[in-house]
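Asker: Sequence first, predicted model second:
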There are 2 protein chains.
Amino acid sequence: MTVNRLIYLPLGGAGEIGMNAYVYGYGPAGKERLILVDLGVTFPDMDTSPGVDLILPDVSWLEARVDRLEAIFITHAHEDHIGAIGRLWPKLQKKIYCRRFTAIIGRLKFDEAGLPVDQIVTVEPRPATIEAGPFKVQFVPVSHSIPESSALVIDTPAGRIFHTADFKIDHNPVVGEGWDDARINEIVAERPVKAMMCDSTNVFSNHEGRSESTLGPALTELIKGAGGMVVATTFGSNVARLKTLAEAARAADRSICVLGRAMKKMIAAADEAGVLSGFPRTITPEEALEVPRKNLMLLATGSQGERRAASAQLSRGKYLGIQMKEGDTFLFSSKTIPGNEREVLRVWNAYSEMGVNVIDDAGGKYHVSGHANRPDLEHVHRLVLPDMLIPMHGEHRHLREHARIATEAGIAAVVATNGMMIDLTGDVPEVAEYIETGRVYLDGTALVGAMDGVIRDRIRMALNGHALVTVILDENDQPMGEPWVELSGLAANGRGDRPLVETIETDLGEFIDRAGKKLLKDDTKLEDEIRKVLRQVAMEEIGKKPEVTVVISRLIAD
Amino acid sequence: MTVNRLIYLPLGGAGEIGMNAYVYGYGPAGKERLILVDLGVTFPDMDTSPGVDLILPDVSWLEARVDRLEAIFITHAHEDHIGAIGRLWPKLQKKIYCRRFTAIIGRLKFDEAGLPVDQIVTVEPRPATIEAGPFKVQFVPVSHSIPESSALVIDTPAGRIFHTADFKIDHNPVVGEGWDDARINEIVAERPVKAMMCDSTNVFSNHEGRSESTLGPALTELIKGAGGMVVATTFGSNVARLKTLAEAARAADRSICVLGRAMKKMIAAADEAGVLSGFPRTITPEEALEVPRKNLMLLATGSQGERRAASAQLSRGKYLGIQMKEGDTFLFSSKTIPGNEREVLRVWNAYSEMGVNVIDDAGGKYHVSGHANRPDLEHVHRLVLPDMLIPMHGEHRHLREHARIATEAGIAAVVATNGMMIDLTGDVPEVAEYIETGRVYLDGTALVGAMDGVIRDRIRMALNGHALVTVILDENDQPMGEPWVELSGLAANGRGDRPLVETIETDLGEFIDRAGKKLLKDDTKLEDEIRKVLRQVAMEEIGKKPEVTVVISRLIAD
């Protein structure tokens, strides 16, 4: 008799917030048929990934088993859930299922990457069902901060899985379907849930979440009370917020102009998907220039202070002819994601210098989160009553706290981070195996492994500076001229204000003059010694040991 | 008749939080006698100052007028107020006046830098008065988050200045003198205040500040309720907090061990200054190893997630033989300074992986700020009733908001950022001049100007990677062998998985073979062209344009 098992394997998104990629499998151990839920990206930072464009999950485990992969499901169109499809689909080449709005965004990505858009299949919500090998998958509308977010009901011969994806409890989310307990009750009544994979983002927020629909009055009041032009930023994909902001602007007799490609793309996609009825008419930046400032409201990208987004560009001067002035108002209708504080404050201070009044969400009046807070999570635990709960979409601290809450409520739970394959077959989740996973950097157009050392070298150059030495040796291993040194990112002068490059050249010249025949014959050893001398001299002169590249050229008699 | 004027010139700390350095002057324009208040540092970050050790204010304006400088006053021993004295005093060489605790810390810095410690003069609080040219200066005890913080009363022939320095309103600050309205009333009654330079850090905090003394009960309850070992971190200089934490530990029957040099130094200094009576006895790390975990509490440095501090080291494994375990508790009795979130969360997640319970200050129970909140600032405005208010110690947004509040209350105010010389002589503050100021980086042991391009080069290498080309030409300008290329921080392979270095070498080789005699004779032009070709090839292959160093060596016939 073959023993089948049901497994769960996060390749991304568990132990971090970003690059979600969750594998489910069913079948004999090592021969499970597989599906993939989400394929997102995460964003680089100067501390750990300078110069990198995007960070993708390492899907090589899945790539090596692609013959067992049945299908890919995308729960919603946030970049941390869909962002990697353009880059990674060619390695997997399986149909992608998602709802209409998500499919529109997905097809734009495929189009850009020259991939076949017909591989993205639009799915209606439950009861519509996709069969993928042993899996039957249904999309369940949930409220979040982007249209048509969905949880997944994943039926397997070993039981029903409820994969919440990102969600909040919002009965009136302005755009799209609201949260509905009845919908969940129906799912559970139909077949009990064996395992729930659950969003953990806001597990440390102890108050009940607030509805998107509560923001309208405060925003309207703010915009009505503002003297000059008003500019508001939020996530471009938060179409409900854009609608709330636009309606508040209309109520304040202001024309609306949308700045930034990402935002326009999202509004167009929402319109095309038919979820954005009644969005006020917008005007172009050219038209905006003709409108009195007190009758104008701009919606701008760049809520995280991104240097190239509309908000940051406006903070540095003109953008498409538009310029902020003293007495104008800038509104962050958004939360700063931890790690982006410096960039956001840079934009704020730049506006402050212009005399622009900046309003942020410190009071909680102008933004609500798209994720379920702790009381909301506990509510859903009670609704779904799963046999086991696996927290996902969180850093380790979120997953651990979420598992703790579940365990206290009597639900078997385990902290499963990227690469931990969990066997869900029995009554409690069990670690089956540890899979090697990681991150891949999109760097320009190249893919670079996070552990390849490429980015480590960049960080070292940034911390320590770089020195280059060229030495030319003749046919008899004798130096021809002095060694040549070039420094980048190092103080020009050392002790006593002597030029550092000259001190190093002199010291290296003397070292080479003293070097024995044997050392001068041995490239590797000579390089090592030159590096050592250079680092020592630099340490004495400027208190730093730079990264060193040594090039030894040997002239060979023709 | 000579017209004297009274001026204020921030060289650091106005338009930023950090590296405070404020100049006051009195006398004929351009001939004012000067004093300097505070001489602090600010801290580097990977985004803007990778590899830098410390950031100092550029005091070259003052250095050029050092014959007019009378004295230096340090208000308290936080690094952003005293941190630069070891490095910059040699440029100024004037006596430093401060209170006892500050003087102890200052002398430690002088000792380390080999400077004459007798140049640091201990001053008693008001009514003790230091005469410095036309200035009469008194130290006024205020509550803050370090012992013996002081505001300054600065009397000049043109009127009295009240320089608040950093302060909060705390009538019971656990260590040192509490805030006392009567003390301020007396100063004002004695002579009205012409100008108040006022801390702006917490101007966006709308609730009244809380006293240090309110923390004891919550901390005691937390530490009593914890199962295993407890480790708490806070700023090492917050001696009052250390005392509160230590007393809470004693109440919970725990021995106290202090980890981290900075913290020990501060406790010793407070003890020496006589402000730390009744601090519980501490044990050594060796002794701590013998104490049952439930009877042990560690006080550790590293509240901002600093990689080398005790907290971060403990999160990575053993530190001085001590190791955290599942069930232990780690407490951030501190606030994360904006920009340090990533580092703090890294420590938190590392503890989470160990099974350690991490408590932060999200609920406001375990930390209070050391700065006056908005209602407290307004209270002090009303107490002091200055003719004019100049906000300091804040980013631009803080200064602007603070000035707005003052103006609304009928006090003349101006936003004065670093380099803006303000004339205080008349009834309202007036901008007299713009002085060139800036930042100096301490990089290893070298001082590097922020605008010198050194750090810019490092950032560029970190973002773009680095390529090095060496070309050797013979006496007839003919290439000897192929160009040699070395890459750092760049993807190994380009399109079609070809090694990038080979593609570049081949293309450069062909380019040089085709190059005309004229180009091969001209080093500058040849370098430019090689750089251009290399960047173009890299762009095609990996979508990036690296930084390039070209070394052309020419063999000259003997």
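Answerer: Now that the structure is in, tell me what you want to look at. Numbers count the residues shown, from 1 in each chain, chains lettered A, B, ... in the order given.
Asker: and the closest residue to residue A:446 other than its chain neighbours, what does it touch?
Answerer: Nearest residue to residue A:446, sequence neighbours excluded (Cβ to Cβ, 6 or more residues apart in numbering or on different chains): residue B:491, at 3.6 Å. Where C-beta positions appear, they are placed from N, C-alpha and C, glycine not excepted. By Cβ atoms under 8 Å, 6 or more residues apart in numbering or on different chains, residue B:491 lies in contact with A:443, A:444, A:446, A:447, A:448, A:454, B:500, B:542, B:544.
Asker: What is the nearest of those residues to residue B:439?
Answerer: residue B:544 (29.6 Å; Cβ to Cβ).
Asker: Secondary structure element holding the closest one?
Answerer: Assigned by DSSP states H and E, residue B:544 falls within no helix or strand.
Asker: Surely residue A:81 and residue A:36 touch.
Answerer: No - the criterion here is Cβ atoms under 8 Å, and residue A:81 misses it with residue A:36 at 11.5 Å.
Asker: And the two? Which one has more around it.
Answerer: Set side by side, residue A:81 and residue A:36 show more neighbours around residue A:81, with 28 against 24, by other Cβ atoms under 10 Å in any protein chain shown.
Asker: The helix or strand containing residue A:299 packs against which elements?
Answerer: Per DSSP H and E, residue A:299 falls inside strand A:296-300. With contacts taken as 3 or more Cβ pairs under 8 Å, 6 or more residues apart in numbering or on different chains; DSSP states H and E, strand A:296-300 sits against strand A:230-233, helix A:239-251, strand A:255-259, helix A:310-316.
Asker: What strands line up against the first one, and which way round?
Answerer: Take DSSP bridges as the rule and strand A:230-233 pairs in its sheet with strand A:296-300 (parallel), strand A:329-332 (parallel).
Asker: Just send these back as TSV, with mean pLDDT, distance to residue A:370 and mean neighbour count too.
Answerer: Below are these laid out as TSV (pLDDT from 0 to 100; distance: least, Cβ to Cβ, whole Å; neighbours: other Cβ atoms under 10 Å in any protein chain shown):
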stretch	mean pLDDT	distance to residue A:370	mean neighbour count
strand A:296-300	97	18	26
strand A:329-332	98	16	24
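Asker: and the helix or strand hosting residue A:459, which residues are buried?
Answerer: Assessed by DSSP H and E, residue A:459 sits inside helix A:454-464. By neighbour count with 16 or more other Cβ atoms under 10 Å in any protein chain shown, helix A:454-464 contains the buried residues A:454, A:455, A:457, A:458, A:459, A:460, A:461, A:462, A:463, A:464.
Asker: before we move on, what about stretch A:142-162?
Answerer: A:142-156, A:158-162.
Asker: Which members of those residues are positioned in strands?
Answerer: With strands taken from DSSP state E, the overlap with those comprises A:150, A:151, A:152, A:153, A:154, A:155, A:156, A:159, A:160, A:161, A:162.
Asker: what helices or strands is the longest helix anywhere in chain A leaning on?
Answerer: Determined from DSSP state H, the single longest helix within chain A is helix A:523-542. Applying 3+ Cβ pairs under 8 Å, 6+ apart, we find helix A:523-542 packed against strand A:466-473, helix A:500-514, helix A:517-521, strand A:547-554.
Asker: can you list contacts of it?
Answerer: Taking Cβ under 8 Å, 6+ apart as the rule, helix A:523-542 contacts A:467, A:469, A:471, A:483, A:485, A:490-491, A:494-495, A:498, A:500, A:503-504, A:507-508, A:511-512, A:515, A:519-520, A:544-546, A:548, A:550, A:552, B:443-446.
Asker: List buried residues within those residues.
Answerer: Applying 16+ other Cβ under 10 Å to the contacts of helix A:523-542 flags A:467, A:469, A:471, A:483, A:485, A:490-491, A:494, A:500, A:503-504, A:507-508, A:511-512, A:515, A:519-520, A:544-546, A:548, A:550, A:552, B:443-444, B:446 as buried.
Asker: Show the contacting residues for whatever residue of the stretch 151-300 of chain A ends up closest to chain B.
Answerer: Of all residues in the stretch 151-300 of chain A, residue A:204 sits closest to chain B, at 6.5 Å by Cβ to the nearest Cβ. When contacts are counted by Cβ under 8 Å, 6+ apart, residue A:204 touches A:374, A:397, A:398, A:401, B:362.
Asker: Provide a list of residues in contact with the second one.
Answerer: Meaning residue A:397. Contacts of residue A:397 by Cβ under 8 Å, 6+ apart are A:204, B:345, B:348, B:349, B:352, B:358.
Asker: quick one: the third one is in a helix?
Answerer: Yes - with DSSP: H, G, I helix; E, B strand; the rest coil as the criterion, residue B:348 is assigned to a helix.
Asker: Okay, buried residues for stretch A:209-227 please.
Answerer: A:209, A:210, A:211, A:212, A:213, A:215, A:216, A:219, A:220, A:222, A:223, A:226.
Asker: Please name the residues that touch the first one.
Answerer: What it means is residue A:209. Per Cβ under 8 Å, 6+ apart, neighbours of residue A:209: A:168, A:169, A:170, A:202, A:368, A:369, A:371, A:372, A:373, A:376.
Asker: The residues you listed: which two are farthest apart?
Answerer: Most distant of the contacts of residue A:209, by Cβ to Cβ, are A:170 and A:202, 12.8 Å apart.
Asker: Between these two, tell me which one has more neighbours.
Answerer: Neighbour totals were compared for residue A:170 and residue A:202, and residue A:170 leads with 26 against 22 (other Cβ under 10 Å).
Asker: Identify the residue spatially nearest to the more buried one, adjacent ones excluded.
Answerer: residue A:143 (3.9 Å).
Asker: and the residue of the stretch 51-200 of chain A nearest chain B?
Answerer: residue A:51 (3.9 Å).
Asker: burial count for that residue?
Answerer: 25.
Asker: Who does the closest residue to residue A:417 other than its chain neighbours form a beta bridge with?
Answerer: Distance criterion Cβ to Cβ, 6+ apart; nearest residue to residue A:417, sequence neighbours excluded, is residue A:15 at 3.6 Å. Under DSSP bridges, the beta-bridge partners of residue A:15 are residue A:395.
Asker: Now for residue A:15: which residues touch it?
Answerer: A:394, A:395, A:396, A:399, A:417, A:418, B:349.
Asker: Redo those residues as TSV? Include neighbour count, distance to residue B:26 and pLDDT.
Answerer: Shown next, in TSV, are the contacts of residue A:15 (neighbours: other Cβ atoms under 10 Å in any protein chain shown; distance: Cβ to Cβ, whole Å; pLDDT from 0 to 100):
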residue	neighbour count	distance to residue B:26	pLDDT
A:394	26	59	98
A:395	22	55	98
A:396	20	58	98
A:399	28	62	98
A:417	20	64	98
A:418	21	64	98
B:349	19	54	98
